[in-house]
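Engineer: After the sequence you'll find the predicted model.
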Amino acid sequence: MDTLYLLQFACFLFMLVNILILGITRLHMKWMNRRYEVSRWLIIGAMVGLAIQFLMQMLLGFRAQDAAVGAVFNILVYPPCFSLISIGIYNIEATHANRRKMSIVCASIYAAILAAFCIGFIQSGNFHIGSWIYVMIVLFAFSVAYCIYMIIVEIRKRRRMLEVMAGYDILPYVRYARASVFMVFFPAVALPFAVLSTKSLYVIGPLGLLAVFFFTLSFMALGYNYVPSEELLDKEEEEEAAMESVEDNACLELQDEELDDKKETLQSQRSKRRQKIVREKLDEWCATKGYRDTSLNMITLSRSLNISRYELSRYLSSCLNTTFRPWLAEVRFEAAKKMMLDNPDFGNDIISAECGFSSRTHLYRMFKEKEGCSPTGNYSAPIEVPLWA
């Protein structure tokens with residue numbers, strides 16, 4: 001066997017291993033999330049396509065016969081596989097409308113690639129399509145650049161949203177986002193060398209396999225922490241637009257009326273009453289240990305309290321001088337400290353579960369950040385007054 005055949009065989013086996021890992025880990029998910037599962041099968045489909053491509057290269061020897069023929073075959077297979085992986089990544093990040101737009105653009109680019117191949121094949125009568133191969137490569141490169149841009153934009157947008165509204169550990173998402181960016185950047189850099197030069201495959205091939213494996217691991221880690229209620233954040237833009245419309249109408253009405261001192265006093269009294277109501281609801285929520293819900297986010301909390309997200313946000317900022325995420329983290333942290341003092345025999349797994357931390361690793365990081373030490377069963381630091389009191 002020559003080295004090229006062995007490399008293709010290794011790539012084929014590696015893709016099968018990744019497919020098996022992604023398929024088996026579905027049985028281990030803590031929550032079944034439809035969006036995450038759609039992304040899983042899109043990525044599995046892409047890897048199946050790549051595995052078939054490597055198998056056909058081994059059996060039919062396109063690359064072994066001629067580098068140009070192998071390059072044409074690669075360009076026919078890589079774009080749809082790369083698009084499936086990109087859409088799988090994007091599916092977790094973006095809203096339905098944006099996902100549909102990306103799918104249409106990727107499908108249009110691949111249609112142009114097929115058209116270029118057909119023209120070259122008709123002119124030459126074989127896979128030696130001449131300069132049309134460069135047209136196909138340029139179109140593929142444009143597809144890669146487009147996917148990179150769209151994914152990075154959505155990753156930044158989603159991370160800002162999670163940092164403000166999510167109450168669970170977002171570190172798995174951050175790691176997944178980094179792996180995703182690395183995964184989509186790698187083809188952009190390696191494309192011209194991997195497609196046109198057979199010798200470069202001996203370097204780029206193993207690096208590509210490492211990139212795929214790194215992405216697979218981060219995707220699996222995200223799955224173990226990807227809670228169903230995270231999809232509620234997709235409604236944030238719709239609710240924000242509706243709220244802005246209501247506020248604009250209210251402002252117009254107020255402009256039409258003359259605000260005298262009496263109305264200002266009434267508004268001030270109403271604001272204080274609403275603040276009292278929000279405070280009482282938060283006190284009751286904390287007393288019933290609502291913070292134990294690891295999937296909690298700002299939307300689910302506001303709905304459970306029957307108050308608007310904007311009213312909750314205003315209360316946290318104006319009365320407590322904080323925002324949702326650090327406030328909830330402090331609530332859970334104080335609850336964990338109290339539980340450690342009341343139950344010194346409890347382990348970190350029990351404490352993290354009872355206090356709403358998504359994992360004991362999240363609890364550990366919180367203690368290292370706030371106390372400079374790890375959580376232990378004999379924790380004896382003084383308990384501070386919680387923010388919700």
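Structural biologist: That came through, no problem.

Engineer: average pLDDT across the helix ranked longest in the chain?
Structural biologist: Ordering each helix of the chain by length in residues (DSSP state H) puts helix 132-165 first. Mean per-residue pLDDT for helix 132-165: 85.

Engineer: is it true that A67 touches S197?
Structural biologist: Yes - under the criterion of C-beta atoms under 8 Å, A67 makes contact with S197 at 7.1 Å. Bear in mind the C-beta positions are built from the backbone N, C-alpha and C, glycine included.

Engineer: Might one say that Y364 is in contact with I351?
Structural biologist: No - applying C-beta under 8 Å as the test, Y364 and I351 come out as separate, 10.6 Å apart.

Engineer: more crowded one of the two?
Structural biologist: Neighbour tally, Y364 and I351, criterion other C-beta atoms under 10 Å: the higher count belongs to I351, 21 against 15.

Engineer: Distance of the more buried one relative to G167?
Structural biologist: 17 Å (C-beta to C-beta, to the nearest Å).

Engineer: again, but for F82
Structural biologist: 35 Å.

Engineer: which helices and strands sit right next to the longest helix of the chain?
Structural biologist: Contacts defined by 3 or more C-beta pairs under 8 Å, 6 or more residues apart in numbering; DSSP states H and E place helix 132-165 against helix 67-93, helix 96-124, helix 171-196, helix 298-305, helix 324-342.

Engineer: Now do that helix: distance to the chain's middle.
Structural biologist: 14 Å (C-alpha atoms, centre = their mean, to the nearest Å).

Engineer: and the angle for that helix with helix 67-93?
Structural biologist: 20 degrees (axes from the mean of the first three to the mean of the last three C-alpha atoms, to 10 degrees).

Engineer: can you pull the buried residues of helix 132-165?
Structural biologist: The neighbour-count criterion (16 or more other C-beta atoms under 10 Å) identifies 132-133, 135-137, 139-140, 143-144, 146-148, 150-152, 154-155, 158-159, 161-162, 165 as the buried residues of helix 132-165.

Engineer: and G290, how many neighbours?
Structural biologist: G290 has 17 nearby residues by other C-beta under 10 Å.

Engineer: Spatially, and excluding backbone neighbours, which residue is closest to it.
Structural biologist: S304 (6.9 Å; C-beta to C-beta, 6 or more residues apart in numbering).

Engineer: go on, F214?
Structural biologist: A179 (5.5 Å).

Engineer: can you check F9 too?
Structural biologist: M58 (6.1 Å).

Engineer: what about that neighbour, which helix or strand?
Structural biologist: helix 34-60 (DSSP states H and E).

Engineer: Beyond that helix, next helix or strand please.
Structural biologist: Taking DSSP H and E, what comes next after helix 34-60 is helix 62-65.

Engineer: which helices and strands sit right next to that next one?
Structural biologist: helix 3-24, helix 34-60, helix 67-93.

Engineer: try 7 Å this time
Structural biologist: For helix 62-65, the packing partners by 3 or more C-beta pairs under 7 Å, 6 or more residues apart in numbering; DSSP states H and E come out as helix 67-93.

Engineer: by how many degrees do the helix it packs on and helix 96-124 diverge?
Structural biologist: 170 degrees.

Engineer: could you give the angle of helix 67-93 to helix 171-196?
Structural biologist: 160 degrees.

Engineer: List the buried residues for helix 67-93?
Structural biologist: So, applying 16+ other C-beta under 10 Å, buried residues of helix 67-93: 67-93.

Engineer: Repeat that for stretch 310-320.
Structural biologist: In stretch 310-320, counting by 16+ other C-beta under 10 Å, buried: 312-313, 315-316.

Engineer: Can you report how many residues neighbour F185?
Structural biologist: For F185, using other C-beta under 10 Å, the count is 15.

Engineer: Tell me who's in contact with it.
Structural biologist: I148 (C-beta atoms under 7 Å, 6 or more residues apart in numbering).

Engineer: low-scoring pLDDT stretches of the stretch 251-389 of the chain, where are they?
Structural biologist: 251-271, 374-389 (pLDDT under 70).

Engineer: So which residues of it form helices?
Structural biologist: Under the criterion DSSP state H, counting those that start in this stretch, the stretch 251-389 of the chain contains helices at 261-287, 298-305, 309-319, 324-342, 348-354, 360-370.

Engineer: Can you list the buried residues in stretch 196-204?
Structural biologist: 196, 198, 201, 204.

Engineer: Which single one of these is nearest to R175?
Structural biologist: Nearest to R175 among the buried residues of stretch 196-204: I204, at 24.2 Å, using C-beta to C-beta.

Engineer: I'd like to know how far the closest one sits from D293.
Structural biologist: Where D293 is concerned, I204 sits at a distance of 46 Å (C-beta to C-beta).
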